[in-house]
Structure formats: C-alpha cells, structure tokens
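quick one, fold the following:
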Amino acid sequence: MNIDNIKKEFPIFDEKIQNNDLVYLDSANSSQKPKVVIDRINEFYTKQFSNVGRSIHYLAVAATNLYENTKSYQLIKSVLGKNTKSAYQGKIFVDSKAQKTDGYQLSKAILLDETSEFNAKPELEIYADDVKCSHGSASGSLDENSIFYLMSRGLNYQQSKELLINGFLLDVIEKITDSEIKNLIKNMIGLKEWI
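Below is the predicted model:
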C-alpha cells in the first residue's frame, strides 16, 4: 500500500497550510473524501437530487432507489498486522421520524499476529417503531487449515495468506455498486486479482 498514491486520490491534500503539506488527524469526527466520491455526490446533486420516499415522479423514484440500496447498512472489515491496534465504536441511531427502517452493522477483523489488538463497541439507539436493526462484532486469526489446504494446491505460505485476506476484504468491496469507487478502494488497499 503506497500512502502517496492514496493521498493523490484526495484533492484536499493538494492544499498547503502555511507552506506545509496538509496533515488531517480529525478523521474520527469527519473524514476527507476522495475525488470519485466528490464527483459522485456532485452528480447526484446536479442530476438526480429529489426527496426520498415521498413522491412518485421520476427524480423522487430514482433518489428513493439510490437511498434504498445504500441506507443504514454498515459492514466494516479490518486486517491487523504486527503491533497494530484497532478500535471501532459504531452506533446505529434511528430517529423517531424514521419509521419502518432497517439497519445492519457488523465489524469483523483478522488478527495476523498475537501482538494485534481489536476492540469494538457496536451500539443501537432506536426511537422509532417497526424497526429492524442488528449489530455485532467478531475477530479472529487466519485459519491455518485453510492456509495448509491452499499450500497443498501449489501456493506458498505468503500467497495462501494473501488469497485468504483478499477474499475476506472482497466480501465488503463487492457490495460497492459504483465501479469507480470500487476500483479506487481495490487500488488503495492493494488487492491482487487472482486467476
């Protein structure tokens, strides 16, 4: 994973602050957006924007469909190497106006080393009726039996490990419907294509 290549995808990092490169450390509060996300938001606001779930005209139906395909769903996966720590605190908040909503939140992590640490605290806060929400968290190591099986099929240890990690991460990435964003994320985390 090349950090410089990742930074190039985020236009804000072209900015200088008092002649210094921008360093942004407030991601827990709000995260910066890559160009493909900014472009997609711009496209939505300039070509597809309308109210959601309240009208039957073309734009409203299109906006509702986009919303329905992306609402209240969160699947986070992490791969933690040597001496790394990850903390995840996610919350599903359902406002009283959001009747008949469903939400899903799941955080999973693979720990590649006994010095890795994963802490998670998923939460639900529901103030509406007729709501379906679920949440959870899981962590574990790579399955040595799966690595052995792949090695018995001709892969070496490192290739077997990478294949299992890629499969773990692709489960999330394949749910992304925008091809530009999907390709950006694949490139950012260095996912390899396997034949």
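
my read: Ala62 touches Phe49, true?
No - counting by CB atoms under 8 Å, Ala62 stays clear of Phe49, with 9.5 Å between them. Every C-beta, even on glycine, is put in place using the N, C-alpha and C of the backbone.

more neighbours, these two?
Ala62 (16 against 12; other CB atoms under 10 Å).

sec struct for that one, please.
helix (DSSP: H, G, I helix; E, B strand; the rest coil).

same question for Gly136.
strand.

wait, a strand at Leu155?
No - applying three-state DSSP, one finds Leu155 to be coil, outside a strand.

distance check, it against Lys161.
According to CB to CB, to the nearest Å, Leu155 and Lys161 sit 9 Å apart.

repeat for Thr101
For Thr101, the distance to Lys161 - CB to CB - is 39 Å.

with Pro11 instead?
Applying CB to CB to Pro11 and Lys161 gives a distance of 35 Å.

between those two, which one's more packed in?
Lys161 (18 against 12).

pretty sure Val79 is touching Ile165, no?
Yes - at 5.5 Å, Val79 counts as touching Ile165 under the criterion of CB under 8 Å.

which residues do these two both contact?
Common neighbours of Val79 and Ile165, counting by CB atoms under 8 Å, 6 or more residues apart in numbering, are Ile110.

now the lowest-mean-pLDDT helix or strand in the chain: buried residues?
Least confident element among the helices and strands of the chain, by mean pLDDT, DSSP states H and E: strand 91-94 (a mean of 76). Residues 92, 94 are the ones in strand 91-94 that count as buried (16 or more other CB atoms under 10 Å).

and the very next helix or strand once past that strand, what does it pack against?
Toward the C-terminus, strand 91-94 is succeeded by strand 102-111 as the next helix or strand (DSSP states H and E). The elements that strand 102-111 packs onto, with contact taken as 3 or more CB pairs under 8 Å, 6 or more residues apart in numbering; DSSP states H and E, are strand 73-80, strand 91-94, strand 117-120, strand 132-140, helix 157-173.

pipe the ones you listed into JSON lines and attach distance to Tyr58 per row.
Below are the helices and strands packed on strand 102-111 laid out as JSON lines (distance: least, CB to CB, whole Å):
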{"stretch": "strand 73-80", "distance to Tyr58": "25"}
{"stretch": "strand 91-94", "distance to Tyr58": "29"}
{"stretch": "strand 117-120", "distance to Tyr58": "42"}
{"stretch": "strand 132-140", "distance to Tyr58": "29"}
{"stretch": "helix 157-173", "distance to Tyr58": "31"}
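
so which of these gets nearest Asp26?
Nearest to Asp26, of all these, is strand 91-94, at 18.3 Å by CB to CB.
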